[in-house]
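> how would this look folded up:
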Amino acid sequence: MGKDVTIRRSLVVCVLALAVFGCREQSSESDKLPTLVRVETVAFAEHSETIELTGEIRARVQNDLAFKVAGRIVERFADVGDHVAAGTTIARLSPHEQQADLEAAEASVRAAEAVLRQAKTTLERQKALLGKGFTTRRQFDTAEEAFRVAEGTLDASEARLSTARQNLADTELKAEADGVVTARSGEVGQVVLPGQAVFTFANDGPRDAVFDVFETLLANELATQEMTVSLVSDPAVTTTAILREVSPTVDATKGTVRVKFGIDNPPAGLTLQASVAGKVRLKPERLALLSWSALTVSADGPAVWVLEPESRSVSLRPVEVARHERDVVMIRSGVEPGEQVVAGGSQLLHVGQVVAVAGAGEGQ
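As a prediction, this is how the structure comes out:
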């Protein structure tokens, strides 16, 4: 009985050993089979990308309008959006203080003129008496000095009068050029200081299409300095703008750079602060288009699996990616024209692995 059990156990062990050995042989044969992959042939061609940006129309010349004297605003004749002509009064301060200063200056001038007339009469009389020997040189010099002082006093009074007149005129805020009021900072009854902005004013004339773009876009060279600008609300309203200014600084909050395209003769529809779309074309560049599935990653960054034609094995090659499209990736460097890269079946590849190309027997 004990012998039978031992024999049976030995038989079971042998059977299991044969089964394991058979599986190993099968696995070994399977490992030797090349991995089936799909490949693409590298081909370079000229590619130019068109970038569309969204921005707004702004005035080429925009400034703040402010009173030159302090006072209380008593009248306002313009509001945001109003178009005003050069020289038009758009706000007025209470003129009482400046009017009183003007009247005082006028009185000072009249008094100075009277003193000057008296000093002139005295000087002429002393001059006549000196010629006849009826007065002294000292008295004549005193009369002459009084005349010169009276002249200086009159000049100072006239200067103060001119300033008073200008201050009174400055109680009226006038448009310096034809344009549009884009913002209002002062209200009737408000006390303002000299230089405190009351209106923001956009001059008529050339306009700018202003865009805030990410810094990475500026690394690409433009094919031309021109941009096609169209109105977002009415794409039929279009014009051509020329690159005029690129800000040297990056907005710390948004990480963007402000770019301005000048429009010298804007169409009627391109009003201030209108939203516009701009299309600009990048300079053509020789790039290779590959499927998204061909791109993988290595320790050095983006890479592709390159098929070695003689050994039929693959190697991992770092590449420089220019940009991404919806279904393709554009490669700037790292591969050569005519090389084949793995575009399908690359998930389990390793360096030096032998592969079989799908469809190779049909013409590859």
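
> Let me know how buried the closest residue to Trp305 other than its chain neighbours is, in neighbour terms.
Leaving aside its sequence neighbours, Trp305 sits nearest to Val342 (C-beta to C-beta, 6 or more residues apart in numbering; 3.9 Å). Yep, even glycine has a C-beta here, placed from its N, CA and C like the rest. Neighbours of Val342 under the rule other C-beta atoms under 10 Å: 22.

> Can you tell me the element Val342 falls in?
According to DSSP states H and E, Val342 maps onto strand 340-344.

> Packing partners of that strand?
Counting contacts by 3 or more C-beta pairs under 8 Å, 6 or more residues apart in numbering; DSSP states H and E, strand 340-344 packs against strand 35-41, strand 285-291, strand 301-307.

> Buried residues in it, which are they?
For strand 340-344, burial by neighbour count (16 or more other C-beta atoms under 10 Å) applies to Gln340, Val341, Val342, Ala343.

> I'd say the first one and Val306 touch.
Meaning Gln340. Yes. Applying C-beta atoms under 8 Å, one finds Gln340 in contact with Val306, separated by 7.2 Å.

> so the closest residue to Glu151 other than its chain neighbours, which of the three states?
Distances taken as C-beta to C-beta, 6+ apart place Leu116 nearest to Glu151, at 6.2 Å, with adjacent residues excluded. Three-state assignment for Leu116 (DSSP: H, G, I helix; E, B strand; the rest coil): helix.

> picking up where we left off before, could I get the buried residue list for the very next helix or strand once past the strand holding Val342?
Downstream of strand 340-344, the first helix or strand assigned by DSSP H and E is strand 355-357. For strand 355-357, burial by neighbour count (16+ other C-beta under 10 Å) applies to Val355, Val357.

> which helices and strands sit right next to strand 355-357?
Against strand 355-357 (3+ C-beta pairs under 8 Å, 6+ apart) you get strand 35-41.

> Give me the contact list for the strand it packs on.
For strand 35-41, contacts defined as C-beta atoms under 8 Å, 6 or more residues apart in numbering pick out 290-291, 294, 305, 307, 314, 338-346, 348-349, 353-359.

> where do the strands sit along the stretch 101-250 of the chain?
Using DSSP state E, counting those that start in this stretch, the strands of the stretch 101-250 of the chain run over residues 172-174, 179-184, 191-192, 197-203, 207-214, 226-231, 238-246.
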